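>>> From the sequence below, what's the structure:
(chains A and B)
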Amino acid sequence: MCGIAGLIHRGNSAQIGKEMTSMLQSLKHRGPDSTGFALYGMPDAGHYIMRFKVAEQEDVKQGFDIHRQMRERKAAVDERLAELGATIQHEDQATEYAFRYVFSFDGDLRRLADYVEDVEGAEILSLGHALELIKDLGDAGRVSGQYALADFQGTHGIGHTRMATESDVDIRSAHPYWAYPFNDVAVVHNGQLTNYWGSRRALERRGHRFMSNCDSELIAVYIADQIERGNDLEGAMKRSIDELDGVFTYLVATSDSLGMAKDVMAAKPMVLYESDDFIAMASEEVAIRSIFPHEIDTFDPYEGEVRVWKS
Amino acid sequence: MEELNQEHESHRMGMHTEQLAGRTQQVFFSAEEGENFTYPYAFDVDFNKRAEFDAAEMEATAVNLRIRELMSEGHGTIVIKNPGAKHGLGVGILNRLQLYFEGSLGYFGCGLIDGPNVRISGRVGWSCAENMMAGTVVIEKNAGSTFGAAIRGGDLVCKGDVGSRTGIDQKGGTIVVGGKTGAFSGFMMQRGRLVVLGDAGKNLGDSMYDGTIYVGGKIESLGVDAIEGEMTDLDVLWLRRKLKAFDLEAPNGIENMTKVVAGKQLWNYDNLEPTEKKLVL
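Model prediction:
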């Protein structure tokens, strides 16, 4: 089933970590397997923020040698960043396997991403000037607590509660997905794509990489491909309505925008609240109500509809 | 023997057609009529006995149990504050009742009801009043998709816009939408009337067996086997009466509304209710 949610503050920042946690926790019944956040702080063009992991949560529980391997993998990532000329300014460790780096770098970002992910077990969850992508197993309260998201200040964000259907229960298959190799682009999706394998092969032939077998990752890669071809976000999303087959409602966020798209059958839910300075959307109104206890006007977007808002 | 001809008999009784030519299968329930309610163990309630409670901190099940408890105490008017868009509120009420929700409901609100008159000051989520048998449900704001799915009777009214697949599998009753409706509205509709005062999305009335759809705005496209019908004086009279009852108006005038009916090329389907069929037989 899965639940998705998003919000955007226009012209100011707010405690979006706390707000998104509240929204996603109220959607827990739509998917308890994993929860993910794509949160956008104030962009800093001088630095990149990279969220990455060096193992799956499940590996940590099962492997005898995994603790040494994780240390070695992190050291390998550090070495490769240094080798490419990146200077790490700040480093946080949220869990034994998940890290947050702030670094300066003026080289080829795609090469850096590929080189880091070439380290066994390493996966970049997000890379950009404003985006921070956090995902792990469990409900929103658990993940938010684990990664200390309650105090996260920012302008906008999207999130996902996952009920795994066609791929594994692991961090790799959890949403959101970063639209590799484009910094600051993230996607969450509720639905099922029926032309996944054919579209994936076509995108792989164009040089894109997939980290999972989850159909939702296809949307992120598709959007990245469209942007690479010169489309803007809204244009890419409108094109996706015709080219992606199946039932879907998805949200995309960039450093300064938030967009939603709904398939032509409108088979997956989405409720919207829109005011002059704040927009919220979710699979169920109860999520919006969790941050807006007072009476508000909400509505459903229609089939084939694409909307994009700027922060 | 000719007098016993089924078709003749049904025409004589005015039951053979949906085209407002006489009595239809529709029963308009009014909580004010004081008629004997047919459900065994239905609660004997007094509309002048009023109760209200705050649902902000209550689970949906607790809210529904509280409604039942208040009806068992004879309360005929119940006001529920802060429903908070919770799912499944006000469901399974088989009783006369004036029920007011001050706020919005989530999914499956007021489903499987038979008799109450419900007013909702906010919005409703997907599948509001699904399988409703009788009564009225009036929503002041917007509604989600599959609004009034498979309703059998009663009046279901949303004064704002609704999502897609409105009146899917509708088997009777009336659905009125004050604004616009999404794609596949009236999909596989079998009986009853769907009135949309605004625009209708694509594939309106797709695969409808029977029933009637009226649209006040633009229709993006008709679905398979849905065709435009001729608006008659009876249609106009009925619409006038029905819209007046809910303080609604057709923006371009009732006379200019478009009527959509089944082309009946897909199915060989007679249009008698099982009970009416028994009478004829």
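>>> Helices of chain A, residue ranges please.
For chain A, the helices defined by DSSP state H occupy A:16-25, A:57-62, A:66-83, A:109-117, A:140-146, A:196-205, A:215-228, A:233-243, A:285-289.
>>> In JSON lines: these, plus mean neighbour count and distance to B:Phe101.
Yep, even glycine has a C-beta here, placed from its N, CA and C like the rest. Shown next, in JSON lines, are the helices of chain A (neighbours: other CB atoms under 10 Å in any protein chain shown; distance: least, CB to CB, whole Å):
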{"stretch": "helix A:16-25", "mean neighbour count": "24", "distance to B:Phe101": "23"}
{"stretch": "helix A:57-62", "mean neighbour count": "13", "distance to B:Phe101": "42"}
{"stretch": "helix A:66-83", "mean neighbour count": "16", "distance to B:Phe101": "53"}
{"stretch": "helix A:109-117", "mean neighbour count": "17", "distance to B:Phe101": "51"}
{"stretch": "helix A:140-146", "mean neighbour count": "19", "distance to B:Phe101": "28"}
{"stretch": "helix A:196-205", "mean neighbour count": "14", "distance to B:Phe101": "41"}
{"stretch": "helix A:215-228", "mean neighbour count": "23", "distance to B:Phe101": "35"}
{"stretch": "helix A:233-243", "mean neighbour count": "17", "distance to B:Phe101": "35"}
{"stretch": "helix A:285-289", "mean neighbour count": "27", "distance to B:Phe101": "13"}
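>>> Just tell me which of those ends up closest to B:Ala60.
helix A:285-289 (10.3 Å; CB to CB).
>>> what about the closest one, near chain B?
Yes: shown here: helix A:285-289 in contact with chain B (CB under 8 Å from any CB of the partner chain) through A:285-286, A:288-289.
>>> mind giving me a markdown table with these and columns for pLDDT?
Below are the residues of helix A:285-289 next to chain B laid out as a markdown table (pLDDT from 0 to 100):
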| residue | pLDDT |
| --- | --- |
| A:Glu285 | 94 |
| A:Val286 | 94 |
| A:Ile288 | 96 |
| A:Arg289 | 93 |
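>>> Quick one: the helices in the stretch 151-281 of chain B, in order.
B:233-245, B:274-280 (DSSP state H, counting those that start in this stretch).
>>> Compare these and say which comes out lowest on pLDDT.
Ranked by mean pLDDT, those bottom out at helix B:274-280, which scores a mean of 57.
>>> got the contact list for residue 240?
Using chain A. By CB atoms under 8 Å, 6 or more residues apart in numbering or on different chains, the residues touching A:Ser240 are A:219, A:222-223, A:226, A:261.
>>> The chain in question should be chain B.
B:Ile254.
>>> now with 10 Å?
Residues counted as contacts of B:Arg240 (CB atoms under 10 Å, 6 or more residues apart in numbering or on different chains) are B:249-250, B:254-255.
>>> can I get the helices of chain A in JSON lines with distance to B:Phe47?
Converted to JSON lines, these look like this (distance: least, CB to CB, whole Å):
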{"stretch": "helix A:16-25", "distance to B:Phe47": "39"}
{"stretch": "helix A:57-62", "distance to B:Phe47": "58"}
{"stretch": "helix A:66-83", "distance to B:Phe47": "68"}
{"stretch": "helix A:109-117", "distance to B:Phe47": "68"}
{"stretch": "helix A:140-146", "distance to B:Phe47": "44"}
{"stretch": "helix A:196-205", "distance to B:Phe47": "56"}
{"stretch": "helix A:215-228", "distance to B:Phe47": "51"}
{"stretch": "helix A:233-243", "distance to B:Phe47": "50"}
{"stretch": "helix A:285-289", "distance to B:Phe47": "30"}
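>>> Least confident of these, on average?
Looking at these, the bottom one is helix A:57-62 with a mean of 84.
>>> which bits of chain A sit near chain B?
Residues of chain A that fall close to chain B, judged by CB under 10 Å from any CB of the partner chain: A:26, A:29, A:262, A:264-271, A:283-290, A:292-305.
>>> Give me the buried subset of the residues you listed.
A:26, A:262, A:264-271, A:283-290, A:292, A:296, A:298-305 (16 or more other CB atoms under 10 Å in any protein chain shown).
>>> Filter these down to the ones in strands?
Members of those lying in strands (criterion: DSSP state E): A:262, A:271.
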